[in-house]
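> Requesting a structural model of the entry that follows:
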Amino acid sequence: MVQRSMSRVLVTGTVFAALALDGAVAWAADEPANIVKYRQNFMKANSAHLGMIAAIVKGEVSLTDEIAPHAEALAEQGKLASANLQQLFPEGTGKGAAGIETHALPVIWEQWDEFEQAAQNFEEESAKLAEVAAGGDMTAIAQQVGAFGKNACGGCHEDFREKQD
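The predicted structure is shown next:
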């Protein structure tokens, strides 16, 4: 009986804590610093998937059966980026904004149509990579990895991201 009462107390407490936290999260979710942190993690995920594909293509590891899942993940990220671009890059979250550490240049918002096209290129090139990866032809995969790097990653990093040392 005591154990049952303790369980109810724990469940009730957990529910109230979750509701309180939910309100705090909703409030904090719109903070520019939180958006930038999410965006940076989103980009790190892209980089990680591409890095693992590249390591396999270069023959550094022999996990060829993992190329297609990583390519699919990139394709999903491409869809998300296009669909949620304004949420990922709202005005006020670029370089120079108070309290924000980012490499996103103000030109993003000055040339929004071009930036949207860069996101569309990411979506298209990642979909092509997923398609080629599903076929298993390592030469074709290597070529598409190069095209993806140039047309998707490079298309954004060259014009819309602060140069890294």
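> Now do the same contact list for V57.
Shown in contact with V57 (Cβ atoms under 8 Å, 6 or more residues apart in numbering): 67, 138, 141-142, 145. For the C-beta atoms, the positions are set from N, CA and C on the backbone; glycine is no exception.
> same thing with D165?
By Cβ under 8 Å, 6+ apart, no residues touch D165.
> hmm, back to that, of all the contacts of V57, which comes closest to Q87?
V145 (28.0 Å; Cβ to Cβ).
> which SSE is that closest one in?
helix 138-148 (DSSP states H and E).
> And the next helix or strand after that helix, what does it pack against?
The element immediately downstream of helix 138-148 (helix or strand, assigned by DSSP H and E) is helix 154-160. Contacts defined by 3 or more Cβ pairs under 8 Å, 6 or more residues apart in numbering; DSSP states H and E place helix 154-160 against helix 107-110, helix 112-135.
> how about those in TSV, adding mean neighbour count and mean pLDDT?
Output for the helices and strands packed on helix 154-160, formatted as TSV (neighbours: other Cβ atoms under 10 Å; pLDDT from 0 to 100):
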stretch	mean neighbour count	mean pLDDT
helix 107-110	16	97
helix 112-135	19	97
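> Adding distance to E91, write those out as JSON lines.
Listed next are these as JSON lines, based on distance: least, Cβ to Cβ, whole Å:
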{"stretch": "helix 107-110", "distance to E91": "5"}
{"stretch": "helix 112-135", "distance to E91": "9"}
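> ok so, going back, select only the buried ones of the contacts of V57 in ChimeraX?
Of the contacts of V57, the buried ones go into a single ChimeraX selection, burial set by 16 or more other Cβ atoms under 10 Å:
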select :67,141,142,145
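> P90: which of the contacts of V57 is nearest?
V145 (30.9 Å).
> Assess the claim that the closest one and G51 are in contact.
No. Taking contacts as Cβ atoms under 8 Å, V145 lies outside contact range of G51: 10.5 Å.
> thinking again about what came up before, what's in contact with the helix holding V145?
In contact with helix 138-148 (Cβ under 8 Å, 6+ apart) are residues 50, 53-54, 57, 64, 67, 71, 74, 125-126, 128-129, 132-133.
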